[in-house]
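In: here are the coordinates; sequence isn't available:
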């Protein structure tokens with residue numbers, strides 16, 4: 001199967017307006033390595049970031065959050081406890097919860113934490129690199145530290161399988177991003193190699209998905225549009241002067257901050273999204 005579908009500038013603009021109008025509070029239980037970048041990107045999309053990640057406070061903040069991001073880039077027991085508390089409260093309230101299973105497949109400890117989270121919580125979106133998504137799906141994967149290595153020729157079917165078993169929309173990030181639910185998988189032709197040259201872009205994508213999921217009623221649409229917007233911003237950031245990864249990182253933040261509904265009117269998004277499964 002190979003059918004192109006369009007995410008139109010009008011649809012993306014409407015989603016960006018919804019974010020701007022609602023200013024959703026996005027709570028993140030995330031790792032300290034990329035926390036500042038994640039918080040800033042959530043803000044640049046037009047949402048409100050809060051990084052409440054200690055037991056007690058995390059649960060209380062989940063009482064007022066519009067979406068949660070749980071990122072296991074670091075897994076001290078207090079942070080895992082906070083994630084479970086916040087996730088449980090968020091689930092009770094019916095708010096979307098995004099899981100970023102950083103480094104799953106690299107160590108038994110991370111595998112155990114991810115298994116615990118998936119057992120206890122319901123996630124609207126699960127976002128990881130090819131290796132992490134494959135590891136969660138029970139498919140052979142190679143993850144070094146937090147990076148995916150190796151070949152993943154069946155990643156579309158693997159992502160769809162994970163979506164089917166968890167009920168979540170799955171985003172597998174790589175050279176081409178895959179967005180899958182239990183019925184389909186779509187390949188996105190967007191993004192730029194420079195996104196892989198700075199630490200934290202995967203975490204920032206997780207924050208982006210939480211923002212879109214907070215503002216849209218459909219998690220699958222949020223995953224498609226959020227990933228596409230993130231990737232296109234990555235392309236546009238290369239059009240600004242930069243000398244290397246550090247200046248590109250600044251450009252990327254600036255580009256997201258300027259990614260307004262008016263700024264997407266002239267985007268050509270045709271044939272950017274292709275159904276492959």
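Out: Yep, that arrived. Predicted model only: the values in this text are computed from it and were never measured.
In: quick check: mean pLDDT across the biggest helix by length in the chain?
Out: What stands out as the longest helix in the chain, according to DSSP state H, is helix 219-237. Per-residue pLDDT over helix 219-237 has a mean of 96.
In: which is the next helix or strand following the lowest-mean-pLDDT helix or strand in the chain?
Out: Between all helices and strands in the chain, the lowest mean by mean pLDDT, DSSP states H and E belongs to strand 147-149, at a mean of 48. Once the chain leaves strand 147-149, the next helix or strand it forms, by DSSP states H and E, is helix 155-166.
In: Which helix or strand lies directly C-terminal to that next one?
Out: Downstream of helix 155-166, the first helix or strand assigned by DSSP H and E is strand 169-173.
In: tell me the mean pLDDT over that next one?
Out: In this model, strand 169-173 has an average pLDDT of 97.
In: My understanding was that residue 80 contacts residue 115; is that so?
Out: No - with contact defined as CB atoms under 8 Å, residue 80 does not count as touching residue 115 (11.6 Å). Quick note: C-beta positions are derived from backbone N, CA and C, even for glycine.
In: Residue 182: how many residues sit nearby?
Out: Residue 182: 16 surrounding residues under other CB atoms under 10 Å.
In: what are the phi and psi angles of it?
Out: phi -70, psi -20 (degrees, to the nearest 10).
In: thinking again about what came up before, compare residue 80 and residue 115 (neighbour count), which wins?
Out: Set residue 80 next to residue 115 and count neighbours by other CB under 10 Å: residue 80 wins out with 19 against 13.
In: and that one, what does it touch?
Out: Residue 80 makes contact with 72, 113, 116, 117 under the criterion CB atoms under 8 Å, 6 or more residues apart in numbering.
In: What subset of those residues is buried?
Out: Among the contacts of residue 80, those scoring as buried are 72, 113, 117 (criterion: 16 or more other CB atoms under 10 Å).
In: Same list (these) but as a markdown table, adding distance to residue 253.
Out: Shown next, in a markdown table, are the buried ones among the contacts of residue 80 (distance: CB to CB, whole Å):
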| residue | distance to residue 253 |
| --- | --- |
| 72 | 24 |
| 113 | 29 |
| 117 | 29 |
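In: Report the buried residues of the host helix or strand of residue 38.
Out: Using DSSP H and E, residue 38 maps to helix 35-44. With burial defined by 16+ other CB under 10 Å, the residues of helix 35-44 counted as buried are 35, 37, 38, 39, 40, 41, 42, 43, 44.
In: got the end-to-end distance for stretch 176-184?
Out: End-to-end distance of stretch 176-184: 16 Å, with CA to CA, to the nearest Å as the criterion.
In: tell me which residues in it are buried?
Out: Residues 176, 177, 178, 179, 180, 181, 182, 184 are the ones in stretch 176-184 that count as buried (16+ other CB under 10 Å).
In: residue contacts, the residue nearest to the spatial centre of the chain?
Out: Central residue of the chain (CA atoms, centre = their mean): residue 206, 2.6 Å from the mean position. When contacts are counted by CB under 8 Å, 6+ apart, residue 206 touches 30, 38, 69, 71, 98, 100, 127.
In: Residue 71 is in contact with the first one, correct?
Out: Yes - between residue 30 and residue 71 there is a contact at 3.8 Å, judged by CB under 8 Å.
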